[in-house]
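**Student:** Take a look and give me a structure for this.
(one chain, ligands or ions: 2)
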Amino acid sequence: MTPAAPASPLDLLRRVFGYPDFRGAQERIIDRVIAGGDALVLMPTGGGKSLCFQIPALVRPGTGIVVSPLIALMQDQVDALHQLGLRAAFLNSSLKAGEARAVEQGLVAGQFDLLYVAPERLLSERFLALLDQSRVALFAIDEAHCVSQWGHDFRPDYIQLNLLHERWPQIPRIALTATADGLTRQEIVERLGLGEAEQFVSSFNRPNIRYRVVQKDQPRRQLLHFLRQEHVGDSGIVYCLSRRGVEETTDFLRAEGLRALPYHAGLPAETRRQNQAAFLRDDQVIMVATIAFGMGIDKPDVRFVAHLDLPKSVEGYYQETGRAGRDGLPANAWLAYGLADMVTLRHFIDSSEAEERFKRVEHHRLNAMLGFCETIACRRQVLLNYFGEEQARPCGNCDTCLEPVQTWDGTQAARKALSCIFRTGMRFGANYLIEVLLGKDNPRIKSFGHDRVSTFGIGQELSADEWKSVYRQLVAAGLVTVDLAGHGGLQLTEQSRPVLRGEREVRLRRDPSARGRGAGGRAAEGRSSGGRQERERRKSGFEGDLEATSLWERLRALRLALAQEQNLPPYVIFGDITLRELVQYRPRNLEEMSCISGIGAVKRERYGEAFLAALAAHAAEHGYPANWRPA
Ligand code: ADP
Ligand code: ZN
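**Tutor:** Residues are numbered from 1 along each chain as shown. Ligands and ions are numbered 1, 2, ... in the order given. Below is the predicted model:
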């Protein structure tokens, strides 16, 4: 590398990052920012947003200032840049005064390519004054959806970031987010004054994520079954609605011998920090968490995201599941959901202190989520459609595609179910109503005289589980509401009338039998037979090839050792895709190594010899000549 090497974006991509080509809109975004224009980038998680500001920061003179709310992750982000040989630092409240001052001096002296700053730090008068004395290449506003007051990631400081534009109109700004909905996008544009910015909206499809929804029966057992069948030894996230749910699920999984750690806002900051670090640094930890966990976690090898409770919106669900499979390798999104979830969430919304119009939006969002759960169409189509994207064909990689849902004519059943609500006075929950329909000998029913209503015992053609499914679908479809002022009894709505009068047909989905079938579906069970070896094959991508698998394990072990020496997460050294290519192409020298994705000049210098030695040792063990490689 000569000092005079021209710093074109493509050249930097190859030399510094070790990637052969730009992806999607990256190049256009980078060109725009280098030319001094503003950009708003909407790209799904794993899409490659970071390069969109990192490369312009290298090309333009001065330092790229990156605003991020993710203080806990800045160290790892900066470490990753150091691994690439870049000059980077961060400024946030975790630094001691002396350390912060050194970074500030470094900024003024032009010593950094990139500086990550927490928003409150950036907005301090002291720091703004420092910026006046420094050369700034660009402002990158990461996690830009934090300006949105509607989302749960709202950060008041973000609203004031508008002043960057007022104070330094000539410095380009690039705002980035993985939040896809139109409302949030509009808010970002308005609040950050990005009216002139070019918008780059990528497809939000995440083809490597397999979506699946199962009917909640015994949720923890179902989860365990899913993990044992498909994710032995994998790293993943389990989301629960409440702190208590997190604690109990963690205990449950631990008692079953799994490596689970809890994360929620009620834990001491130090515990949260430790658990997050363990999750990032180890490739086998399951994080059981509330939605307080996950924003900005750029761990690429999260192999599954499971929800034990229904998310409040499709946006939330998409964000949370998006944390799986960032590296592009296969990953699972698994959700268990049932009638009780709907009741709880409706209650949450109605009992909050929020204004009416806010509640309306929340109900609307929840309804969309229910629609996703109950759909008989391809889930990916429903998901993308929600974000305004058309997908012409069913995806073939979700449960409804893999195992098409049967439907049945539920008109009669719906009439009975609605009628039973009416006859018992619209005060009771589904479990009670089902007992009445089944004609159960139950003292409570007798005491209310409900053994004498016309619907008593008229529902024996269906099982209790099937009735539960009927009620769930009636609530999801708005044919029944939940009385939240009272005790959660089910009530009729305007829309129930035509059904009761026999003027409207009701088609229902036939739920796959829930009992004992946590993984949900023949396809899944067929795929996951074969235990550990099957899993390794899936992870490494080497179809039952023992020789390749043993090399893969050797390289993984080397990566882990190198990472631990430096107290870094393993993926900061090399991602799984890089390891996989090493196994596939078996470079014989440093020059050949530079063709491997993810090995730039500095990493090749640092780790190249160690990995070549591992490749050679493997070849020797298997009796291959040193220059051998697979056909
Ligand atoms: P995001 O911030 O959008 O979630 P990242 O910037 O973390 O995504 O990128 C996701 C992964 O894709 C990273 O491992 C990154 O190095 C890799 N990546 C980004 N751009 C490219 C590219 N052009 N070619 C190959 N890999 C890329
Ligand atoms: Zn599908």
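**Student:** can we go C-alpha only for contacts and neighbour counts from here?
**Tutor:** OK.
**Student:** Could you pick out the residues of this structure near ligand 2 for me?
**Tutor:** Within the chain, the positions adjacent to ligand 2 are 378, 394, 395, 396, 398, 401 by CA under 5 Å from the ion.
**Student:** Give me the buried subset of these.
**Tutor:** Among these, those buried by neighbour count (16 or more other CA atoms under 10 Å) are 378, 395, 398, 401.
**Student:** residue contacts, the last one?
**Tutor:** With contact set as CA atoms under 8 Å, 6 or more residues apart in numbering, residue 401 has these partners: 377, 378, 379, 394, 395.
**Student:** Recalculate using a threshold of 10 Å.
**Tutor:** Residue 401 is in contact with 211, 212, 376, 377, 378, 379, 380, 394, 395, counting by CA atoms under 10 Å, 6 or more residues apart in numbering.
**Student:** What of residue 331?
**Tutor:** Shown in contact with residue 331 (CA under 10 Å, 6+ apart): 206-211, 231, 236, 301-305, 321-325, 539.
**Student:** Quick check: beta-bridge partners of the residue of the stretch 101-250 of the chain at minimum distance from ligand 2?
**Tutor:** Minimum separation of the stretch 101-250 of the chain from ligand 2 (CA to the ion) falls at residue 211, amounting to 7.8 Å. Taking DSSP bridges as the rule, residue 211 bridges to residue 333, residue 398.
**Student:** That one and residue 382 touch, don't they?
**Tutor:** No - with contact defined as CA atoms under 10 Å, residue 211 does not count as touching residue 382 (11.2 Å).
**Student:** Now for residue 600, how many residues are close by?
**Tutor:** Neighbour count of residue 600, defined by other CA atoms under 10 Å: 23.
**Student:** what's near enough to touch the residue of the chain most remote from its centre?
**Tutor:** Here the chain reaches farthest from its C-alpha mean at residue 452, the gap being 51.1 Å by CA atoms, centre = their mean. Applying CA under 10 Å, 6+ apart to residue 452 gives the contacts 436, 439, 445, 446.
**Student:** Tell me if the first one really is in a helix.
**Tutor:** Yes - for residue 436, which was evaluated using DSSP: H, G, I helix; E, B strand; the rest coil, the result is membership in a helix.
**Student:** how close does the closest residue to it other than its chain neighbours sit to ligand 2?
**Tutor:** Spatial nearest neighbour of residue 436, excluding adjacent residues (CA to CA, 6 or more residues apart in numbering): residue 456 at 5.0 Å. Distance, residue 456 to ligand 2, by CA to the ion, to the nearest Å: 40 Å.
**Student:** for residue 456, what are its contacts?
**Tutor:** With CA under 10 Å, 6+ apart, residue 456 has these contacts: 416, 420, 423-424, 433-440, 445, 450.
**Student:** try 6 Å
**Tutor:** 436, 437, 439 (CA atoms under 6 Å, 6 or more residues apart in numbering).
**Student:** got the residues you listed as JSON lines, with neighbour count, pLDDT and distance to ligand 1 columns?
**Tutor:** Formatted as JSON lines, the contacts of residue 456 follow (neighbours: other CA atoms under 10 Å; pLDDT from 0 to 100; distance: CA to the nearest ligand atom, whole Å):
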{"residue": "436", "neighbour count": "28", "pLDDT": "96", "distance to ligand 1": "51"}
{"residue": "437", "neighbour count": "25", "pLDDT": "97", "distance to ligand 1": "50"}
{"residue": "439", "neighbour count": "19", "pLDDT": "95", "distance to ligand 1": "54"}
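**Student:** Return the member of those nearest to residue 333.
**Tutor:** Using CA to CA, residue 437 comes nearest to residue 333 of the contacts of residue 456, at 35.5 Å.
**Student:** helix, strand or coil for residue 176?
**Tutor:** Three-state assignment for residue 176 (three-state DSSP): strand.
**Student:** ok, back up a step: just checking, which of the contacts of residue 401 belong to helices?
**Tutor:** 379, 380 (DSSP state H).
**Student:** Now residue 417: closest residue in space, sequence neighbours ignored.
**Tutor:** Distances taken as CA to CA, 6+ apart place residue 471 nearest to residue 417, at 7.2 Å, with adjacent residues excluded.
**Student:** What strand or helix carries that neighbour?
**Tutor:** According to DSSP states H and E, residue 471 maps onto helix 464-476.
**Student:** buried set for that helix?
**Tutor:** 464, 466, 467, 468, 469, 470, 471, 472, 473, 474, 475, 476.
**Student:** any idea how far the residue nearest to the third one when sequence neighbours are not counted is from ligand 2?
**Tutor:** Setting aside the residues directly before and after it, residue 467 is nearest to residue 434 in space (CA to CA, 6+ apart), at 6.4 Å. With distances taken as CA to the ion, residue 434 is found 33 Å from ligand 2.
**Student:** cool, residue 448 as well?
**Tutor:** For residue 448, the distance to ligand 2 equals 47 Å [CA to the ion].
**Student:** what's the burial count for that residue?
**Tutor:** The number of residues packed near residue 448 is 10, by other CA under 10 Å.
**Student:** all helices in the stretch 501-631 of the chain, in order from the N-terminus.
**Tutor:** Ranges of helices in the stretch 501-631 of the chain, per DSSP state H, counting those that start in this stretch, are 522-527, 531-540, 546-565, 570-573, 576-585, 590-593, 601-621.
**Student:** Return the most buried member of those.
**Tutor:** Each of the helices of the stretch 501-631 of the chain was scored by mean neighbour count; the highest is helix 570-573, a mean of 22, by mean count of other CA atoms under 10 Å.
**Student:** Alpha carbons of it, in PDB - could you do that?
**Tutor:** Taking Å, rounded to 0.1, in the frame of the first residue of the first chain, the C-alpha atoms of helix 570-573 are listed here in PDB:
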ATOM      1  CA  PRO A 570     -15.200 -13.100  18.400                       C
ATOM      2  CA  TYR A 571     -17.100 -11.600  15.400                       C
ATOM      3  CA  VAL A 572     -15.000  -8.500  15.700                       C
ATOM      4  CA  ILE A 573     -12.000 -10.600  14.500                       C
END
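**Student:** Point out where this protein drops to low pLDDT.
**Tutor:** For the chain, the stretches with pLDDT under 70 are 1-6, 485-486, 513-541, 543, 626-631.
**Student:** So it: which segments form each domain?
**Tutor:** What automatic domain parsing lists as the domains of the chain is 9-201, 209-402, 407-511, 541-621.
**Student:** on that earlier part again, before we move on, which element is the residue nearest to residue 436 in?
**Tutor:** Using DSSP H and E, residue 456 falls within no helix or strand.
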